[in-house]
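# model this:
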Amino acid sequence: MSTQAPDLNTSTTAGSPTRARSFFSEQGFRNLFLAAAVSTTGTHISFLAVPLLAVTVLSATPLQVGVLGVLKTIAFLLVGLPAGAWLDRVRRRGVMVAADLARAVLFGSVAVAWALDLLTIWQLYVVVLAAGVATLFFDIAAQSYLPALVGRDRLADANGKLQSWDAGAQVAGPSAAGYLVQLFSAPFAILIDALTFLWSALFVARIRKREPEPERRVKATLFSEIREGVGFVFGHPLLRPIAMVGAGTNLFIQIAIITMPLMYKRELNLSDGELGLFFTFGGVGVLLGSFTAKRLSDRFGYGRVLWITGLVVMPFGLLVPFIDGGAFKWVATCGWLALTYRIGMNNVLLVSIRQRVTPDRLLSRMNATMRFLMTGVLAVGAAVAGLIGQYAGIRPALWVAAIGLSATWLPLFLSPLRAMRGLPAAAE
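Sure thing, here's the model as predicted:
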């Protein structure tokens with residue numbers, strides 16, 4: 001399919017009359033932010049608490065930890081594309097509420113089973129898989145709902161605020177998880193996550209602003225709608241490199257995330273709190289990247305900021321595999337911070353570009369296609385991490401992750417994004 005070439009020099013930031021409007025004076029965005037503020041913090045607690053539960057309570061092997069990572073994200077590969085096509089046919093707020101309630105029940109069951117001494121690795125597999133399906137529907141619906149909630153002209157600012165909080169949750173969540181596990185237990189930390197999903201469901205349900213009725217397409221089959229969404233992403237000169245960067249980043253970051261608890265606990269004999277501190281530095285990096293993305297892109301241009309940041313960060317990422325129990329623990333931690341700074345910047349700028357150039361009727365399918373690629377590869381990354389860790393060793397897995405993450409900026413440099421100064425013209 002043909003795609004009209006985007007205007008790479010269009011900027012909507014300077015002199016925009018909507019700039020003075022406060023997001024937090026608007027009930028819809030305020031409720032969405034409050035929902036995200038708590039639930040993302042809980043999610044980042046479980047991000048560390050679930051593998052720690054598997055390793056410390058259920059004595060999971062590296063391969064079993066890898067299987068958990070695969071099951072967490074495999075839903076995006078199995079049902080991601082049909083979910084996107086279906087979500088373009090319905091209003092999304094109710095889907096978000098149902099997904100939150102499902103995740104609350106699933107993670108709550110882990111704490112209950114542990115208290116009754118009935119918890120097994122197989123239950124953890126089922127919970128992680130089912131929660132992954134709920135997360136799939138929530139994430140696609142949320143990213144597709146945002147343009148209707150705030151308007152396309154303010155997407156970069158809205159994403160900046162949401163991503164900054166998510167980054168703050170990455171700072172607080174893993175550190176809190178490490179200490180919650182150390183002081184109480186991993187199931188207790190997971191119970192906290194379950195309660196945050198109940199909070200999120202309550203605030204999303206109370207959003208008063210409604211989306212327009214979805215466009216009805218006569219004689220359109222689910223397969224034809226999936227094909228249209230996939231074709232739109234891969235045929236678009238800006239969305240195609242964004243998909244490549246996101247998929248590559250998630251593949252290699254997943255290898256690092258799966259491997260690092262094993263490195264800290266099995267190889268270096270470090271504490272849960274020290275592991276939480278390492279991931280906290282990563283959260284600081286994402287926070288700084290999210291916070292500075294809009295300011296730097298407005299000053300220097302979107303494209304230039306994206307590829308120059310990747311180039312500068314590259315050598316720092318190669319420090320991560322040198323981690324040890326001494327001074328290089330901090331050297332590696334600073335390298336991790338640099339890598340996650342670039343990820344935080346990409347989260348704001350690239351997501352805003354995606355939402356900006358996609359027509360309303362294709363938003364869910366575009367987001368589903370992106371999620372299919374970007375989150376689907378997390379399952380691949382988890383499997384690769386488990387196999388390399390099991391048969392080659394934990395440190396070789398870290399080298400694979402570090403080299404891959406250091407090179408994922410190249411598709412941006414080799415695409416039209418390199419010359420883009422501001423956000424492209426909004427899709428109609």
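
# element containing the residue nearest to residue 373 when sequence neighbours are not counted?
Among residues not flanking residue 373 along the chain, residue 247 sits closest, at 4.5 Å (Cβ to Cβ, 6 or more residues apart in numbering). The C-beta positions use only the backbone N, C-alpha and C, and glycine is treated the same way. With elements taken from DSSP states H and E, the one containing residue 247 is helix 239-262.

# same question for the helix or strand following that helix, mean pLDDT?
For helix 239-262, the succeeding helix or strand toward the C-terminus, using DSSP H and E, is helix 272-300. What helix 272-300 shows for mean pLDDT is 83.

# quick one: helix 272-300 to helix 239-262, angle?
For helix 272-300 against helix 239-262, the angle by axes from the mean of the first three to the mean of the last three Cα atoms, to 10 degrees is 160 degrees.

# got the buried residues for helix 272-300?
Of the residues in helix 272-300, 272, 275-294, 296-298 count as buried by neighbour count, 16 or more other Cβ atoms under 10 Å.

# ok, stretch 90-108 next?
In stretch 90-108, counting by 16+ other Cβ under 10 Å, buried: 92-93, 95-104, 106-108.

# same thing with stretch 26-44?
Neighbour-count burial for stretch 26-44, counted by 16+ other Cβ under 10 Å, picks out 28-29, 31-44.

# how far does that stretch sit from its chain's centre?
A distance of 15 Å separates the centroid of the chain from that of stretch 26-44, by Cα atoms, centre = their mean, to the nearest Å.

# distance from the helix holding residue 247 to the middle of the chain?
10 Å.

# kindly export it (C-alpha atoms) in PDB.
The C-alpha trace of helix 239-262 is given here as PDB (Å, rounded to 0.1, in the frame of the first residue of the first chain):
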ATOM      1  CA  LEU A 239       6.600   3.800  11.600                       C
ATOM      2  CA  ARG A 240       8.800   1.100  10.100                       C
ATOM      3  CA  PRO A 241      12.100   2.200  11.700                       C
ATOM      4  CA  ILE A 242      10.300   3.000  15.000                       C
ATOM      5  CA  ALA A 243       9.100  -0.600  15.000                       C
ATOM      6  CA  MET A 244      12.600  -1.900  14.300                       C
ATOM      7  CA  VAL A 245      14.100   0.200  17.100                       C
ATOM      8  CA  GLY A 246      11.400  -0.800  19.600                       C
ATOM      9  CA  ALA A 247      11.700  -4.500  18.800                       C
ATOM     10  CA  GLY A 248      15.500  -4.500  19.000                       C
ATOM     11  CA  THR A 249      15.500  -2.600  22.300                       C
ATOM     12  CA  ASN A 250      13.000  -4.800  23.900                       C
ATOM     13  CA  LEU A 251      14.700  -8.000  22.800                       C
ATOM     14  CA  PHE A 252      18.000  -7.100  24.300                       C
ATOM     15  CA  ILE A 253      16.600  -5.400  27.400                       C
ATOM     16  CA  GLN A 254      14.700  -8.500  28.200                       C
ATOM     17  CA  ILE A 255      17.800 -10.600  28.100                       C
ATOM     18  CA  ALA A 256      19.400  -8.300  30.600                       C
ATOM     19  CA  ILE A 257      16.400  -8.100  32.900                       C
ATOM     20  CA  ILE A 258      16.000 -11.900  33.000                       C
ATOM     21  CA  THR A 259      19.800 -12.400  33.500                       C
ATOM     22  CA  MET A 260      20.500  -9.800  36.100                       C
ATOM     23  CA  PRO A 261      18.700 -11.400  39.100                       C
ATOM     24  CA  LEU A 262      20.700 -14.600  38.500                       C
END
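
# model confidence for the residue nearest to residue 373, exactly?
Looking at residue 247, the pLDDT reads 91.

# distance of it relative to residue 372?
9 Å (Cβ to Cβ, to the nearest Å).

# for residue 89, same thing?
Taken as Cβ to Cβ, the span from residue 89 to residue 372 is 18 Å.

# which one's more surrounded, those two?
Higher neighbour count among residue 89 and residue 372: residue 372, with 26 against 15, using other Cβ atoms under 10 Å.

# contacts for the helix or strand harbouring the more buried one?
Residue 372 belongs to helix 363-374 when assigned by DSSP H and E. Here helix 363-374 makes contact (Cβ atoms under 8 Å, 6 or more residues apart in numbering) with 76-77, 80-81, 83-88, 92, 136, 139-141, 143-144, 147, 225-226, 228-230, 232-233, 239, 242-243, 246-247, 249-250, 354-355, 358.

# repeat the analysis, applying 6 Å as the threshold.
Contact with helix 363-374 is made by 76, 80-81, 83-85, 87-88, 140, 143-144, 229-230, 233, 243, 246-247, 250, 358, as judged by Cβ atoms under 6 Å, 6 or more residues apart in numbering.

# among these, which ones are in strands?
If you go by DSSP state E, these have nothing in strands.

# out of the residues you listed, which are inside helices?
76, 80-81, 83-85, 87, 140, 143-144, 229-230, 233, 243, 246-247, 250 (DSSP state H).

# can you give me the first-to-last residue distance of stretch 404-418?
From its first residue to its last, stretch 404-418 covers 20 Å (Cα to Cα, to the nearest Å).

# quick one: mean pLDDT over it.
pLDDT averaged over stretch 404-418 gives 89.

# then stretch 341-356?
Across stretch 341-356, the average pLDDT comes to 87.

# which SSE is residue 306 in?
helix 302-317.

# from residue 210, how far out is residue 83?
21 Å.

# more crowded one of these two?
Neighbour count, other Cβ under 10 Å: between residue 83 and residue 210, residue 83 has more, with 26 against 11.

# gap between residue 223 and residue 141?
Per Cβ to Cβ, residue 223 is found 21 Å from residue 141.

# these two: who's more crowded?
Using other Cβ under 10 Å as the criterion, residue 223 and residue 141 rank with residue 141 on top: 27 against 11.

# mind checking pLDDT for the closest residue to that one other than its chain neighbours?
Nearest in space to residue 141, with sequence neighbours left out and distances taken as Cβ to Cβ, 6+ apart, is residue 92 at 3.7 Å. Residue 92 carries a pLDDT value of 78.

# would you list the phi and psi of residue 92?
Residue 92 adopts backbone torsions of phi -100, psi -20, taken as degrees, to the nearest 10.
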